[in-house]
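>>> Here is a sequence together with a model predicted from it:
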Amino acid sequence: MGKLVEKRTVDMQVIGEWVEPQSRVLDLGCGRGELMAYLVQAKQVQATGVDLDFDKISACASRGLSAYQGDMTAFMRAFPDRHFDRIICSRTVHELDDPAGVVLEALRVGSTVTVGFVNHGFWKNRVDALVRGRKVRNAVYTTSWHDSRPANPLSIADFEDFCREKSIRVARRAHLMGDWRRPCAVLPNLFAGYALYDLARS
Amino acid sequence: MIDDVQAQRAPAQPRRHLAADDVGIVRPRDYTHPGLFTFTSGQSIQGFTLRYETYGSLNATRDNAVLVCHALSGDHHCAGWHSEVDPKPGWWNNLIGPGKAVDTRRFFVICANVLGGCQGSTGPSSINPETGQPYGIRFPFVTIRDMVHAQKLLLEHLGVDELHAVMGGSMGGMTAMLFAIEYPSFTRRQIIMASTANESAQAIAFNEVGRQAIMQDPAWNNGDYPREGGPRVGLAIARMMAHITYLSDAGMDRKFGRRKRESAGGESYTFDAQFEVESYLRHQGQSFINRFDANSYLYITRAIDQFDPAKASGSLERAFAPVLAESLVVGFTSDWLFPPEQNREIALALLRAGKRASYAELSTDLGHDSFLLESPDLYALVRGFLERPDAYHFDFAI
């Protein structure tokens, strides 16, 4: 668990560096508001989160964060173009029913869209699949298939293909090694454990 | 709104008012505003009275007040008991008390019967000093805004400089919403439950049927009737129908199903109440006419129907522009009178207006009345929102 918490904060640090101070931020899949709380503290952003779960919204409300219980696409449809400076979809994109729909709607409502995801093309995942022949299980994906939510694992190459296909401009990339700390300079689809993208409309 | 039948069936437990987390025996008070009060309609009356209750105490900095706003048929008695043999406590007793979600050890809780009401506040059943007779329908038309203005005068009288929070369900949510709009720097937080920023045609339609039941009763007599008389049949029917809109299909099915009263034989071919749901509604109607004034019912339902803060401003987000309060909006899945969608819209408009607002939704089968629900989830939500310090709170280090 300690390792996972540490990885979560690395994720937050990178996003924190990208977020403009005092900007208007929307966090899709905000959970209990850890990332929002950090961004409010570190960058004085005006944060709003969306999540499906009552307890998560309740936790956000009890720490003074704005959070909305409901479907993220329906939520975004209620806002005008570019209402938010930045929309963050951190470690949520693989669990969405319609990932392309969410990213494209986020690109309408937000000036910048930050997507962060675990790279399933990471070599350890490949070896694990080859050797064990079973669903990937590691520090991040700790549960077996029957205890897991439906997920749509993706790799860095998958995501790059998607951006190209939808003509989405990649304004910034961060590929991190398996420790989610050191930057990964070569063959990220093989050697990066985690990826973060800043997207904009082309 | 308040479940009279259940309260009656449960035998009075003489020591319930002494429970540790209960505010105990409470006493209503009256505030009389001496000056001229002008309504939104332009009409005015010379002074008015609001009946209210308070629990807890105002702190030295006069900023721990929580104003609780009641729904259509509610009143100022939202917690505690009026006597040791009182068969039931105030309508939100499960939420308000020492150590409860609205903690009276921390907060000074105030609840007032609305202007236009009939539980001790000035309304159509009050005596018009100019004629010596009840106002009847000569009482000025009341809006939610008028109710808010009158309650603000009460708060000033009580020495409240700033509201820590204003909260309410249904019409009480409308009142809270308007408080945050009308008095932005006075209102720090608001909780709106099972409410709407403007009623749907269906909700207006139900209110209209209720009003017609009253006005078509010959005893209504254009609003002129003796205090103990009046359109009792019409008012009971209005209440019976309205009560259905406060419940849900699933909730009624769970509570009554097709069960028949024990006294009703299966073979009885009569129109007496046979099903439990029939006798329940008849009881609701009968107990309502003993505590509610028919003209007040007309006035308050009219105020609810006309509530539409977006109308004057052009849009709801523009109406919310002055709001400084942090908002919490709560919807309930089985509420088909003011459904989740209408509660969502309040939160979305606040967010579009750049305000701090949250929306939470509880799955219940109790319909519109769900905000009165005994739910640890709801308690945790309300407590968390109210008790959080004004500054952001972080429980992790990076």
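Great, that's in hand. Numbering: from 1, shown residues only, chains lettered A, B, ... in the order given.

>>> Low-confidence stretches in the chain?
Defaulting to chain A. Scanning chain A for pLDDT under 70 picks out A:1-8.

>>> other chain: chain B
Confidence mapping of chain B against pLDDT under 70 gives the ranges B:1-15, B:264-268, B:391-398.

>>> What residue in it comes nearest to chain A?
Proximity of chain B to chain A (C-beta to the nearest C-beta) peaks at B:G384, 2.7 Å away. (C-beta placed from N, C-alpha, C; glycine too.)

>>> helix/strand/coil for that residue?
Put simply, B:G384 is helix when judged by DSSP: H, G, I helix; E, B strand; the rest coil.

>>> Tell me how many other residues crowd it.
Per other C-beta atoms under 10 Å in any protein chain shown, the neighbour tally for B:G384 reads 18.

>>> Identify the residue spatially nearest to it, adjacent ones excluded.
A:S62 (2.7 Å; C-beta to C-beta, 6 or more residues apart in numbering or on different chains).

>>> got the residues of chain A near chain B?
With C-beta under 8 Å from any C-beta of the partner chain as the criterion, chain A meets chain B at residues A:9, A:12-13, A:24, A:34, A:37-38, A:40-42, A:46, A:48, A:54-55, A:57-70, A:75, A:78-80, A:83.

>>> Narrow these to those that are buried.
Neighbour counting with 16 or more other C-beta atoms under 10 Å in any protein chain shown marks A:9, A:12, A:24, A:34, A:37-38, A:40, A:42, A:46, A:48, A:54, A:57-70, A:75, A:78-79, A:83 as buried within these.

>>> a strand runs through B:A203, doesn't it?
No - applying three-state DSSP, one finds B:A203 to be helix, outside a strand.

>>> Quick check, it in contact with B:T196.
Yes - counting by C-beta atoms under 8 Å, B:A203 touches B:T196, with 7.4 Å between them.

>>> what about these two, which has more around it?
B:T196 (26 against 21).

>>> any idea which element that one lies in?
B:T196 belongs to no helix or strand when assigned by DSSP states H and E.

>>> Quick one: residues contacting it.
By C-beta atoms under 8 Å, 6 or more residues apart in numbering or on different chains, the residues touching B:T196 are B:G173, B:M174, B:A203, B:F338, B:Q342, B:N343, B:I346.

>>> and B:L36, what does it touch?
B:L36 touches B:S44, B:I45, B:Q46, B:G47, counting by C-beta under 8 Å, 6+ apart.

>>> whoops, I mixed them up, B:V114
Taking C-beta under 8 Å, 6+ apart, we find B:V114 in contact with B:C69, B:H70, B:S121, B:V142, B:M147, B:A150, B:Q151, B:T175, B:I300.

>>> Tell me where the chain has strands.
Here I'm looking at chain A. In chain A, the strands defined using DSSP state E lie at A:24-28, A:46-51, A:66-69, A:84-90, A:110-118, A:168-176, A:194-201.

>>> looking at chain B here, not the other one
B:29-38, B:44-55, B:65-69, B:96-97, B:102-103, B:108-112, B:127-128, B:133-134, B:163-169, B:189-193, B:326-332, B:357-362.

>>> now the first one, how far from the centre of its chain.
What it means is strand B:29-38. Computed by C-alpha atoms, centre = their mean, to the nearest Å, the separation of strand B:29-38 from the middle of its chain amounts to 21 Å.

>>> Going by neighbour count, which residues in it are buried?
Neighbour counts over strand B:29-38 (16+ other C-beta under 10 Å) mark B:Y31, B:H33, B:F37 as buried.

>>> what does stretch A:191-202 give?
Within stretch A:191-202, the residues that count as buried by 16+ other C-beta under 10 Å are A:F191, A:A192, A:G193, A:Y194, A:A195, A:L196, A:Y197, A:D198, A:L199.

>>> hang on, the second one packs against A:A174?
No - in this structure, A:A192 sits apart from A:A174 without contact. The criterion is C-beta under 8 Å, and the distance is 9.0 Å.

>>> Report the spatially closest residue to the residue nearest the centre of chain B, excluding sequence-adjacent ones.
Closest to where the C-alpha atoms of chain B average out (C-alpha atoms, centre = their mean) is B:A71, at 1.6 Å. Closest residue in space to B:A71, ignoring its immediate chain neighbours: B:S170 at 3.9 Å, by C-beta to C-beta, 6+ apart.

>>> Quick check: that neighbour touching B:A194?
Yes - B:S170 is within contact range of B:A194, at 5.4 Å (criterion: C-beta under 8 Å).

>>> what do those two both touch?
Both B:S170 and B:A194 are in contact with B:L337, B:F338, B:H368, B:F371, where contact means C-beta under 8 Å, 6+ apart.

>>> In these, which residue is surrounded by the most others?
Ranking the shared contacts of B:S170 and B:A194 using other C-beta under 10 Å puts B:F371 first, with 30 neighbours.

>>> In contact with that residue, which residues?
So B:F371 contacts B:G169, B:S170, B:M193, B:A194, B:V330, B:F332, B:L378 (C-beta under 8 Å, 6+ apart).

>>> Surely the fourth one touches B:F332?
Yes - at 5.6 Å, B:A194 and B:F332 qualify as touching, with contact defined as C-beta under 8 Å.

>>> Give me the more crowded residue out of those two.
A count of neighbours by other C-beta under 10 Å puts B:A194 above the other of B:A194 and B:F332, at 31 against 28.
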